[in-house]
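*Asks:* Fold the stuff below for me.
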Amino acid sequence: MIRRRRTAITRAGWTYLLVLVFVTTGAILREINLLMLMAGLMLGPFLIGWRMALAALRPLTVTRRAPEFVVAGEPLVVDLIATSRPARWSRMALGAWSVVVDDELRPPAGGTAGPVIRCGGLFWHVPRGESRRVSYRGRLLHRGQYTFGPLRVSTRYPLGLIRRTVIVDAARTLTVLPRLGHLTPAWDRLYRQAVHGSRGRHARQSVSEGDFHSLRDWRPGDAQRQIHWRTTARRRQPVVRRLEQPSSREMALLVDLGPAQRNAVDDATVERAISFAATVLSDACRHMGTQLVVGLAGKTHALLRGAASPGFLGQCLKQLALLEAGDGRHFEPLAQEALAAMPPDAGLVVITTRSAEAVSAGCLSSWSESTSNRRAPLLVIDAAGAELADYFTLDHLPQQSSDTASPAGRAMEKPAGGKAGSLTETAK
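*Replies:* Model (predicted):
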């Protein structure tokens, strides 16, 4: 929907008018017919340029095509599509030339993403009755809900004296999901030891049903029926099969973005906690049939429960993208609600911005002991601790080149030909 239209004289147009006024004044005062003729010749191109600028954007419609979700640090591609209505006499219609489309992307309010990001593209020619498409691309490095602003469609064709601008109301939102990293083997060992180790060795090895997972060396207490005889004969040492137990497919994950000792939560710690939680959920959702309980506590709280699937992972990542650090008052009731909704064999993983000792000793140990007929296995990860680097790694973010850097840390680049732009955001 078109919000408003505007016509303005450019700087070159004002200079042109100044020369025209000078010539006209000299022709009148000196009564020189040649100068009067020159003034008339100069007035003609100005009026023609004004009419052509008005007519160029009248049949033009510009729309934006952008994804609803994108992962932080991943490439973002936004298409701008310009469509011109067909003319009654198509051979005589000139179409639109040198059409500039300016777009803007507003970061989340109160976040660390910075000021408004400006970008756009250039259409050299849009014939009547046809469509043209250009794209701008880049990377958004901060999670949150961004808002696209209105599109500003303008042209100064043919002489650059008159600028015709049409503002199109094309507002929409873009959710930037948390960055995903990689879990190390140390995390797999820690999780299995903390969650499955508390259930007893007999519970892990007595169940023979399950999918084949991998092979490992024989340990005292392993059943003889689990020995893989072919590999044992080849290695000349006992090797047993590891089966993926159905009980290992249940997990409850709580994210606590509370302050540490009444101090404000560091933004870097919050981002590490959210990225780590998103990576754990992404890894858990690879196993179809896994039952997950996800609790998020910050300024707001949310509890999600469902089977592992791409759809459930998308819901969790969207909630993580919008989660902000709070005062910690939502965590205790959320944890009690999550424990009540946990499956019987699920382990509880807590990712917190507070100290792990304070969380464990303060409330979670008593909650796990008070659950009916069982003690929930508990694993608390301190996002501010140095040990998190042993369990989780993030890919290196691309840096903006110095020749395109702007004072605000962002730049819009136009490649050769000026047909499209690229949006680049630097890491902080």
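
*Asks:* What are the buried residues along stretch 142-154?
*Replies:* Of all the residues in stretch 142-154, those buried under the rule 16 or more other C-beta atoms under 10 Å are 142, 143, 144, 145, 146, 148, 149, 150, 151, 152, 153, 154. From N, CA and C alone the C-beta is placed, and that goes for glycine too.

*Asks:* The spatially most central residue of the chain pairs with what?
*Replies:* With distances taken as C-alpha atoms, centre = their mean, residue 176 lies nearest the centre of the chain, 1.9 Å away. Beta bridges link residue 176 to residue 70, residue 144, judged by DSSP bridges.

*Asks:* Report the contact partners of it.
*Replies:* 69, 70, 71, 72, 140, 142, 143, 144, 145, 146, 321 (C-beta atoms under 8 Å, 6 or more residues apart in numbering).

*Asks:* same question, residue 231
*Replies:* 215, 239.

*Asks:* So it versus residue 223, what's the distance?
*Replies:* Using C-beta to C-beta, to the nearest Å, residue 231 is found at 16 Å from residue 223.

*Asks:* Equivalent analysis for residue 123, please.
*Replies:* Distance from residue 123 to residue 223, by C-beta to C-beta: 71 Å.

*Asks:* mind listing the helices for this structure?
*Replies:* If DSSP state H is used as the criterion, the helices of the chain fall at 11-30, 33-57, 185-191, 201-205, 229-235, 267-284, 310-322, 331-341, 356-359, 365-370, 388-391.

*Asks:* and the second one, what does it pack onto?
*Replies:* Same thing as helix 33-57. Using 3 or more C-beta pairs under 8 Å, 6 or more residues apart in numbering; DSSP states H and E as the contact test, the elements touching helix 33-57 are strand 2-9, helix 11-30, strand 96-106, strand 151-155, strand 162-168.

*Asks:* Which of the helices and strands in this protein ranks last by mean pLDDT?
*Replies:* strand 410-413 (a mean of 36; mean pLDDT, DSSP states H and E).

*Asks:* More neighbours: which of residue 123 and residue 223?
*Replies:* residue 123 (26 against 10; other C-beta atoms under 10 Å).

*Asks:* Next, residue 298: phi, psi?
*Replies:* phi -160, psi -130 (degrees, to the nearest 10).

*Asks:* That one reaches residue 330, doesn't it?
*Replies:* Yes - Residue 298 is within contact range of residue 330, at 7.1 Å (criterion: C-beta atoms under 8 Å).

*Asks:* Same drill for these two, tell me which one is more crowded.
*Replies:* Remark: of residue 298 and residue 330, residue 298 carries more neighbours, 25 against 20, as counted by other C-beta under 10 Å.
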